[in-house]
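*Asks:* Provided below for reference: sequence and predicted model.
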Amino acid sequence: MLDGMDGAVPSEILPAAEKVFGDRLPVAHRFAELLVTDGVVRGLIGPREAPRIWERHLLNCAVVADLIPSGATVVDVGSGAGLPGMVLAVARPDLSVTLVEPLARRTAFLSEAVTTLGLDRTTVVRARAEECVGKLSLADVVTARAVAPLDRLAGWCLPLTAIGGRLLAMKGASAAAEIAEHAEALARLGAGTPSVRTCGDALLAEPTTVVEIVREREAARSKKPGGRRGR
């Protein structure tokens, strides 16, 4: 078996994994096994990602749980291989998590993983985010990782977020620049002032950067020609 293809936690980051997952670490290990085997075979995870599945993916996602209140409802948009939504469900069994993903091969993997891991508060929905508006209950928290530029991402995610709830968008070094670039668009979507948060500072070599956006109000409704208002 190739190095890293058994999903084991590398010894150098085991203390961090134990801190983040606690007694849920065996469940996280089982999910890592699924990712580096079925996930690779089915094209959800690149083969080169397998050896760094813990550092680059699982821990990177799990530390975002620090920003989510106890018992929250979470919608994860564009879940892909379950990052971050499945990881959050593993780390935080108190959360009710809905994984939204449009591609059939990905939702099949996610559904199988939910069953295998016994995540009875996690639901998989095959749909695009915009198709879920009005069909899913508004969530306390909506999460997304590397899905789209911030304006488009907020356009998909904020309508799924309860007023007073938050979008947690995992971003890289461009987070502050994206906020500045899309400030007007975010305001039109009903967002409060976005903030950049870092998670896992004391645990990870590269802490996770998150753009946190509170949905303060309904989106502004733009006027169409002739004075008629659009949707």
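*Replies:* Alright, I've got the coordinates.
*Asks:* what's the mean pLDDT across stretch 136-144?
*Replies:* Throughout stretch 136-144, pLDDT has a mean value of 98.
*Asks:* begin at 52, not 1, for the rest of this chat.
*Replies:* All right, first residue 52 from here; so that's stretch 187-195.
*Asks:* could you pick out the longest helix of this protein?
*Replies:* helix 155-168 (DSSP state H).
*Asks:* give me the mean pLDDT for that helix.
*Replies:* What helix 155-168 shows for mean pLDDT is 98.
*Asks:* which residues sit against it?
*Replies:* 78, 81-82, 85, 89-90, 93-95, 130-133, 137, 140-141, 150, 152, 170, 173-177 (C-beta atoms under 8 Å, 6 or more residues apart in numbering). Using the backbone N, CA and C atoms, a C-beta is placed for each residue, glycine as well.
*Asks:* now do the buried residues in that helix.
*Replies:* Going by neighbour count (16 or more other C-beta atoms under 10 Å), the buried part of helix 155-168 is Arg157, Thr158, Phe160, Leu161, Ala164, Val165, Leu168.
*Asks:* related to what we said a few turns ago, hmm, which of the contacts of helix 155-168 are the buried ones?
*Replies:* Buried among those (16+ other C-beta under 10 Å): 78, 81-82, 85, 89-90, 95, 130-133, 137, 140-141, 150, 152, 170, 173-177.
*Asks:* among those, name the ones in strands.
*Replies:* Secondary structure from DSSP state E places Leu150, Glu152, Thr173, Thr174, Val175, Val176, Arg177 of the buried ones among the contacts of helix 155-168 in strands.
*Asks:* out of these, who's nearest Ala59?
*Replies:* Thr173 (23.9 Å; C-beta to C-beta).
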